[in-house]
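[1] starting from these lines, generate the structure:
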Amino acid sequence: MWIDIALYTSTFSVFLIGIFIIIYVLKSRELQGKLDIYESIFDSINQDIAILKKAVRNNNNNQPSNINLASIDRKIKDISKQEINQSLIPIAEFVKNFSTSFRGFENRIDEKINSITQKTTPESMINGNPDKLSSHQVIYDMYSRGLSFEEIEKKTGTPTSQIKFILKLNGTL
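    From the prediction side, this is the model:
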């Protein structure tokens, strides 16, 4: 029964881990798509800037140019950085929250596995039940006082084979 519970718990945890991985992959693909869009926008902006620079240089008019291309470049880069930061901050927070919740989930699963493991060890099975512990203690006491297996069996109603088993577990036999 405990093995089935451990198996179901393990299967469920693997299923949840799989779901978290799928969500992570989908979010990273979504992020990559946004980054690709920004890259294409930057490329088109750079092409437009190059065209404007070329037009300004080729301007045959002797009129002084009022356009400061360096400041325009700087403003475009600042605006682009702000847009990227605004879209990346929520994604970074999601990943941080996801990893935190995943660590908490992982810790809870480890605690449950340890709890199940402790409950299924032979010592805890014997020592876990207070009634069995007290009856075992009575058997240890009777045997240490020199009573035979048959006498202990008559007084406790416990079969001789079980008395021997209990004493072997205790290391008395």
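[2] tell me the domain boundaries of the chain?
    2-120, 125-170 (automatic domain parsing).
[3] just name the most buried of those.
    domain 125-170 (a mean of 14; mean count of other CB atoms under 10 Å). (C-beta placed from N, C-alpha, C; glycine too.)
[4] quick one: mean pLDDT for the longest helix anywhere in the chain?
    Ordering each helix of the chain by length in residues (DSSP state H) puts helix 2-57 first. Averaging pLDDT along helix 2-57 yields 85.
[5] for it, packing partners?
    On a contact count with 3 or more CB pairs under 8 Å, 6 or more residues apart in numbering; DSSP states H and E, helix 2-57 meets helix 69-119.
[6] how far off centre is the helix it packs on?
    14 Å (CA atoms, centre = their mean, to the nearest Å).
[7] and that helix, what does it pack against?
    helix 2-57.
[8] look up how far residue 105 lies from the closest residue to residue 6 other than its chain neighbours.
    Leaving aside its sequence neighbours, residue 6 sits nearest to residue 116 (CB to CB, 6 or more residues apart in numbering; 5.1 Å). In this view, residue 116 and residue 105 are 17 Å apart by CB to CB, to the nearest Å.
[9] give me every residue that touches the residue nearest to residue 6.
    Counting by CB atoms under 8 Å, 6 or more residues apart in numbering, residue 116 touches 2, 5, 6, 9.
[10] closest to residue 160 among those residues?
    For the contacts of residue 116, the residue nearest residue 160 by CB to CB is residue 2; the value is 28.9 Å.
[11] and the gap between the spatially most central residue of the chain and residue 108?
    Centroid check for the chain by CA atoms, centre = their mean gives residue 102 as the closest residue, at 2.9 Å. According to CB to CB, residue 102 and residue 108 sit 11 Å apart.
[12] same thing with residue 43?
    The value you get for residue 43 to residue 108, if CB to CB is used, is 47 Å.
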